[in-house]
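A.B. asks: what shape does this take:
(chains A and B)
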Protein chains: 2
Amino acid sequence: MAQIFERVALIGLGLIASSMALGMRENGLAGTIVGTARTKQSRDVALELGLCDEVFASARETVAGADLVVFCAPVGAMESLAIEVAPHLKAGAIVTDVGSVKKAVIAAIGPHLAEDIHFIPGHPLAGTEHSGPRSGFASLFHNRWCLLTPPQGTDPQALAKLRALWEGLGANVDLMDPEHHDLVLAVTSHAPHLIAYTMVGVADDLQRITNSEVINYSAAGFRDFTRIAASDPTMWRDVFLNNKEATLEILGRFTEELFDLQRAIRRGDGAQLFDYFSRTRAIRRGIIDAGQDTDAPDFGRDTSHENSDASKK
Amino acid sequence: MAQIFERVALIGLGLIASSMALGMRENGLAGTIVGTARTKQSRDVALELGLCDEVFASARETVAGADLVVFCAPVGAMESLAIEVAPHLKAGAIVTDVGSVKKAVIAAIGPHLAEDIHFIPGHPLAGTEHSGPRSGFASLFHNRWCLLTPPQGTDPQALAKLRALWEGLGANVDLMDPEHHDLVLAVTSHAPHLIAYTMVGVADDLQRITNSEVINYSAAGFRDFTRIAASDPTMWRDVFLNNKEATLEILGRFTEELFDLQRAIRRGDGAQLFDYFSRTRAIRRGIIDAGQDTDAPDFGRDTSHENSDASKK
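C.D. replies: Have a look, this model is predicted:
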């Protein structure tokens, strides 16, 4: 693939940034890749793995001369980073981010950028339970969606370049209004994460059940919750603090429905339960047809397959 | 492996029974395998796949002469099956089941069996979102747990044979009191399933978000919920109706905690959220160390691996 950017600056080197770096390398999308990491350990790892050509402790040094700057920090850190780097950005640079909320990020970054900077917020819908510079892999974005929320009047050429980068990393790109993005993500991500965290917390708290029971018998459904609930605590704290309104709205809907089903259980209303449980299969079918999951019997989780390609990655 | 039972009767030929049949064949655990399926289509499939040597439309015919009878029907169907087959059981036969609840199943089956029958309830903690005789695979129980809840005074030899069968299928066997079983499963399975069903239902209902948005952007967390919520509706209706008390207790605890976290979000209490989200990582680590899940970056779900061993199965 042809090079799209000459110099890409990744502010923060966690799962998303390290995956971007490896993907850009693999596909020749960037001339030079530089990055910021606060700790010496992460900087050493980034160089050791070849994620970056140069690594800096400060964001301001990192952005100098870059034609693409990607904010890969927790949402709560975005505003101070914007203030820090704004005076050091190259004229005409594209600034984007990978935050899981968009309205709050736009409010945190936008006002600090000069007029000659192209600010195009983004959100790749991909991740694992792991974090840090060693957790990245080049195929993380393959066949996943990346949502961009360009403000009105965004330069079409800048947008085309950013889109080409994400497509070069294997993602499908879609454009969306920031407010709608935050509502959609409250449904497909934020509320499910809070629910999973809560359920795992309840299990951990219950005195009458040992943790080893929870752990051994998790295959019956619970283990999917634990995967979600093992995600990065800082990132998720910031998501909930910055998508408050939509998350609370969806959680309100959720508890309303849950109470209704609880009442059906209490009353022994099998017909209501059966109808509800039948409805949800269609959505699952759609997800498999759209290539967003596999219907392999055990998702490659059977530990007898631990040496297969899929789990070695 | 040596043959353990001469003639095994599987009442019902869904995911669990078909996986047992394939596993018993692969390991030579049973001389003859017979099964019951209500529909002609399932009977044809069972013979075509070689699950059974003979297939019957009625349970009563199936159990004749069997030294092991396995009830593989939804929990709600167990009592009428027990009444139907009881007079036709061979003296000294072992009767077990694979139901997800134990107290209610014991009450449904136990009273109908003669004194010369060894009734040892069981529950293999393994499953996928698929159902029916084509969904089975021999390795379903590998490294999964099977819980047995033998009543006081169970014949040790009968128990040893049933344990050997499950171990021959690759499972780890544990003994448990039925009441404790139902509480543990309410935590690790029943409550998570109801929660997942509810969340998927909420997403399906929301007018402002299209189903294609939910489907395309599911990779952000939601798709794990849809997998759980695609499970067999009949089976799950019966689980909730028959483990009412424990499920409602755990759901009560769950909503209590959820409300507390919602309030933390509303108040902007980042410290409370961060502490809660940090706690849940330890349980996840335990599950991976216990071999009940893999920490492969994407669980073999990346569709570029669709031809790998793990997803071909």
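
A.B. asks: got the buried residues for the host helix or strand of A:L258?
C.D. replies: For A:L258, the host element (DSSP states H and E) is helix A:244-267. Using 16 or more other C-beta atoms under 10 Å in any protein chain shown as the test for burial, helix A:244-267 gives A:244, A:246-248, A:250-251, A:253-255, A:257-258, A:261-262, A:264-265. C-beta here means a position set from N, CA and C on the backbone, and glycine is covered the same way.

A.B. asks: ok, and of those, which contact chain B?
C.D. replies: A:244, A:247-248, A:250-251, A:253-255, A:257-258, A:261-262, A:265 (C-beta under 8 Å from any C-beta of the partner chain).

A.B. asks: A:V69: which of the residues you listed is nearest?
C.D. replies: Ranked by distance to A:V69 (C-beta to C-beta), those are led by A:K244 at 27.3 Å.

A.B. asks: so what's the nearest residue to that closest one once chain neighbours are set aside up against?
C.D. replies: If the residues on either side of it in the chain are set aside, A:K244 comes closest to B:I265, at 5.7 Å by C-beta to C-beta, 6 or more residues apart in numbering or on different chains. By C-beta atoms under 8 Å, 6 or more residues apart in numbering or on different chains, B:I265 lies in contact with A:194, A:240-241, A:244, A:247-248, B:273.

A.B. asks: which stretches of the stretch 201-313 of chain A aren't confidently modelled?
C.D. replies: Counting by pLDDT under 70, the stretch 201-313 of chain A shows low-confidence ranges at A:296-313.

A.B. asks: what ranges do the helices span in it?
C.D. replies: Ranges of helices in the stretch 201-313 of chain A, per DSSP state H, counting those that start in this stretch, are A:211-216, A:222-228, A:233-242, A:244-267, A:270-279, A:281-289, A:309-312.

A.B. asks: show me the contacts for A:A21.
C.D. replies: Counting by C-beta under 8 Å, 6+ apart, A:A21 has contacts A:10, A:13, A:33, A:35, A:46, A:51-52, A:136.

A.B. asks: for A:E84, give its distance to A:A37.
C.D. replies: Using C-beta to C-beta, to the nearest Å, A:E84 is found at 15 Å from A:A37.

A.B. asks: neighbour count winner among these two?
C.D. replies: A:A37 (26 against 15; other C-beta atoms under 10 Å in any protein chain shown).

A.B. asks: for that one, list the residues it contacts.
C.D. replies: A:12-13, A:43, A:46, A:55, A:57, A:133.

A.B. asks: 10 Å - rerun?
C.D. replies: A:A37 sits next to A:10-14, A:17, A:43-47, A:51-52, A:55-57, A:62, A:132-133 when contact means C-beta atoms under 10 Å, 6 or more residues apart in numbering or on different chains.

A.B. asks: likewise A:H112?
C.D. replies: Residues near A:H112 by C-beta under 10 Å, 6+ apart: A:78-87, A:95, A:119.

A.B. asks: grab the nearest non-local neighbour of it.
C.D. replies: A:H112's closest residue in space is A:A82 (C-beta to C-beta, 6+ apart), at 4.2 Å.

A.B. asks: please export the C-alpha coordinates of the helix or strand encompassing the one you found as PDB.
C.D. replies: Element membership for A:A82 (DSSP H and E) is helix A:78-85. Presented in PDB, the C-alpha positions along helix A:78-85 are these (Å, rounded to 0.1, in the frame of the first residue of the first chain):
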ATOM      1  CA  MET A  78      -7.500  14.700  26.300                       C
ATOM      2  CA  GLU A  79      -8.000  18.300  27.300                       C
ATOM      3  CA  SER A  80      -4.700  18.800  29.100                       C
ATOM      4  CA  LEU A  81      -2.900  17.100  26.200                       C
ATOM      5  CA  ALA A  82      -4.600  19.400  23.700                       C
ATOM      6  CA  ILE A  83      -3.500  22.400  25.700                       C
ATOM      7  CA  GLU A  84       0.000  21.000  25.800                       C
ATOM      8  CA  VAL A  85       0.500  20.200  22.200                       C
END
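
A.B. asks: picking up where we left off before, now find how far off-centre the helix holding A:L258 is within its chain.
C.D. replies: For helix A:244-267, the separation from the chain centroid amounts to 25 Å (computed by C-alpha atoms, centre = their mean, to the nearest Å).

A.B. asks: can you map out the strands along chain A?
C.D. replies: Per DSSP state E, chain A carries strands over the ranges A:5-11, A:30-36, A:54-56, A:68-71, A:94-97, A:118-119, A:122-124, A:145-148, A:172-175.

A.B. asks: for the third one, which strands pair with it and how are they oriented?
C.D. replies: Here strand A:54-56 has these sheet partners by DSSP bridges: strand A:30-36 (parallel).

A.B. asks: now do the fourth one
C.D. replies: Strand A:68-71 pairs in its sheet with strand A:5-11 (parallel), strand A:94-97 (parallel), by DSSP bridges.

A.B. asks: now render those strands as TSV, adding mean neighbour count, mean pLDDT and distance to B:F5.
C.D. replies: Formatted as TSV, these follow (neighbours: other C-beta atoms under 10 Å in any protein chain shown; pLDDT from 0 to 100; distance: least, C-beta to C-beta, whole Å):
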stretch	mean neighbour count	mean pLDDT	distance to B:F5
strand A:5-11	24	98	61
strand A:94-97	26	98	62
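
A.B. asks: closest to B:I215 out of those strands?
C.D. replies: Evaluated over these, closeness to B:I215 peaks at strand A:94-97, with 25.0 Å, by C-beta to C-beta.

A.B. asks: got the CA coordinates for the closest one in PDB?
C.D. replies: In PDB, the C-alpha atoms belonging to strand A:94-97 read as follows (Å, rounded to 0.1, in the frame of the first residue of the first chain):
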ATOM      1  CA  ILE A  94      -4.500  16.500  10.900                       C
ATOM      2  CA  VAL A  95      -5.400  15.800  14.600                       C
ATOM      3  CA  THR A  96      -7.600  12.800  15.500                       C
ATOM      4  CA  ASP A  97      -8.300  10.600  18.500                       C
END
